[in-house]
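>>> Whatever this is, show me its structure:
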Amino acid sequence: MEQNIFQLQFAMDTFYFLICGALVMWMAAGFSMLEAGLVRAKNTTEILTKNVALYAIACMMYLFIGYDIMYDGGVFLSGIETLAPEQVLADFSAREGGFNGAAIYSAAADFFFQVVFVATAMSIVSGAVAERMKLWAFLTFAVLLTGIIYPMEGSWTWGGDAVFGLYTLSELGFSDFAGSGIVHMAGAAAALAGVLLLGPRQGKYSADGRINAIPGSNLPLATLGTFILWMGWFGFNGGSVLKLGDISSSHSVAMVFLNTNAAAAAGAFSALIFAKIRFKKADLTMVLNGALAGLVVITAEPSTPTPLQATLFGALAGVVVVLSITYLDKLRIDDPVGAISVHGVVGLLGLLLVPLTNSSSTLIGQLIGAGTIFVWVFSSSFLVWFALKKLVGIRVSAEEEYEGVDKSDCGMEAYPEFTLG
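Down below sits the predicted model:
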């Protein structure tokens, strides 16, 4: 009887993991649509190519070496046979005391759930460097981020390894439930390093200090992308509960879904209100980024806040992201989609809010963890971007940027019937 219960929970938890992983994979479509809508028409094909290619690269690099670095359990190098379910059942049969209700699922499902997180981190970089970066320089960077840089910081956080053998973040009180820092802030740190070396788009900032708006080509597409991301985020946060097959875990999953949705809604609405107060207009792009900011802020800890607390956290994130986007513009840091603000600044905010509802974390631990992630990812990414800049160049020519990178990189346009001449 107990063995039958074990097999049933194994099936339920594995299936839940796979469904949540598929939802997170669907976020790749959300990033693609969001970025395609927020760039100019002449750069749409290239941004879509980047998103498809980076997902493929992330899946291969994490399979080859990334998973092994992060969890000392590489699928590709160790052999798929190590994931055989027969071994799981044999381990259960030999276990003293029998089944104890622990999280149990296929290691293959765990790998699939982890690999889509890697792709998410790289997708954040894509939008920030859009419209002026060379396609192949970007893809080369994707190989190193998904294969080495992200897995290294992941091994110190979710992997539980000591940071260069010096200290263990979990022992300091660091907690990041689903990746506000580990995934989102890490992606933003890599993006910031690239943007600083890349420089702003032509015409974005005038010599007299003026900031010139460069509108996106398709706001309906950007809105669709935001809703796709909103939906996929339920898998992102919900799957991080790691199991479903008992009453306590099922309730935790339900609370995570509820709080994730509440934070996103509050983020969108607070950004709308704050944009109206600040700019005298209901700025749709700020609303979209506000919803994403609410999702990012609650990702650090969606299981312990009450729904009211989750709503307040999301509302705070919506205001912060508007302030951050405008402030980065004043610093002449050109981020076409607001990725550094949404995922970086708000990702840090999410980490700092965790101790308010999770007593197992500490503010000092959160700060050290955030600092460790940022310093590692930013510095290593900066070195890679700098090497690429010196060796092959990372920015397209002024002529290619003026004409659009669709023609120079991809040889085709997303909207050819709208081209004059």
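>>> What is the burial count for residue 408?
Per other C-beta atoms under 10 Å, the neighbour tally for residue 408 reads 16. Where C-beta positions appear, they are placed from N, C-alpha and C, glycine not excepted.
>>> Residue 396 is in contact with that one, correct?
Yes - with contact defined as C-beta atoms under 8 Å, residue 408 counts as touching residue 396 (6.3 Å).
>>> confidence score at residue 213?
In this model, residue 213 is scored at 91, pLDDT.
>>> Okay, now the unreliable bits of this protein?
Scanning the chain for pLDDT under 70 picks out 1-3, 73-105, 419-421.
>>> elements contacting the lengthiest helix in it?
Taking DSSP state H as the assignment, the helix of the chain that covers the most residues is helix 2-38. Counting contacts by 3 or more C-beta pairs under 8 Å, 6 or more residues apart in numbering; DSSP states H and E, helix 2-38 packs against helix 44-61, helix 85-94, helix 107-128, helix 219-238.
>>> Please identify which of those helices is closest to residue 18.
Of all these, it is helix 107-128 that lies closest to residue 18, at 5.2 Å by C-beta to C-beta.
>>> Helix or strand next in line after the closest one, which one?
Downstream of helix 107-128, the first helix or strand assigned by DSSP states H and E is helix 135-144.
>>> quick one: buried residues of that following helix?
135, 137, 138, 139, 140, 141, 142, 143, 144 (16 or more other C-beta atoms under 10 Å).
>>> tell me how far it is from the chain's mean position?
A distance of 17 Å separates the centroid of the chain from that of helix 135-144, by C-alpha atoms, centre = their mean, to the nearest Å.
>>> Could you tell me the angle between it and helix 44-61?
30 degrees (axes from the mean of the first three to the mean of the last three C-alpha atoms, to 10 degrees).
>>> List the contacts of helix 135-144.
Contacts to helix 135-144, defined as C-beta atoms under 8 Å, 6 or more residues apart in numbering, come from residues 46, 49-50, 53-54, 57-58, 61, 122, 125-126, 129, 190, 194, 381, 384-385, 388-389, 392-394, 405, 409-410.
>>> which secondary structure elements does the helix or strand that that helix is followed by contact?
Scanning forward in sequence from helix 135-144 by DSSP H and E, the next helix or strand is helix 150-156. Judged by 3+ C-beta pairs under 8 Å, 6+ apart, helix 150-156 is in contact with helix 67-71, helix 107-128, helix 363-391.
>>> Between these, which one is closest to residue 240.
Of the helices and strands packed on helix 150-156, nearest to residue 240 by C-beta to C-beta is helix 107-128, at 8.7 Å.
>>> In contact with residue 232, which residues?
Residue 232 touches 23, 24, 25, 26, 27, 30, counting by C-beta under 8 Å, 6+ apart.
>>> hmm, back to that, counting neighbours, show which residues of the longest helix of the chain come out buried.
Residues of helix 2-38 classed as buried by neighbour count (16+ other C-beta under 10 Å): 6-7, 9-10, 12-14, 16-18, 20-21, 23-25, 27-38.
>>> And for stretch 322-333?
322, 324, 325, 328, 329, 333.
>>> repeat for stretch 161-180
With burial defined by 16+ other C-beta under 10 Å, the residues of stretch 161-180 counted as buried are 161, 163, 169-170, 172-180.
>>> how far does stretch 171-178 sit from the chain's center?
17 Å.
>>> In PDB, could you pull the C-alpha coordinates for that stretch?
Only the C-alpha atoms of stretch 171-178 are listed here, as PDB (Å, rounded to 0.1, in the frame of the first residue of the first chain):
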ATOM      1  CA  GLU A 171      23.900  29.700   6.300                       C
ATOM      2  CA  LEU A 172      23.900  33.500   6.200                       C
ATOM      3  CA  GLY A 173      20.200  33.600   5.800                       C
ATOM      4  CA  PHE A 174      19.900  34.100   2.100                       C
ATOM      5  CA  SER A 175      16.600  33.000   0.500                       C
ATOM      6  CA  ASP A 176      15.300  33.400  -3.000                       C
ATOM      7  CA  PHE A 177      12.200  31.100  -3.500                       C
ATOM      8  CA  ALA A 178      11.900  31.200  -7.300                       C
END
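>>> Please consider this matter closed, and thank you.
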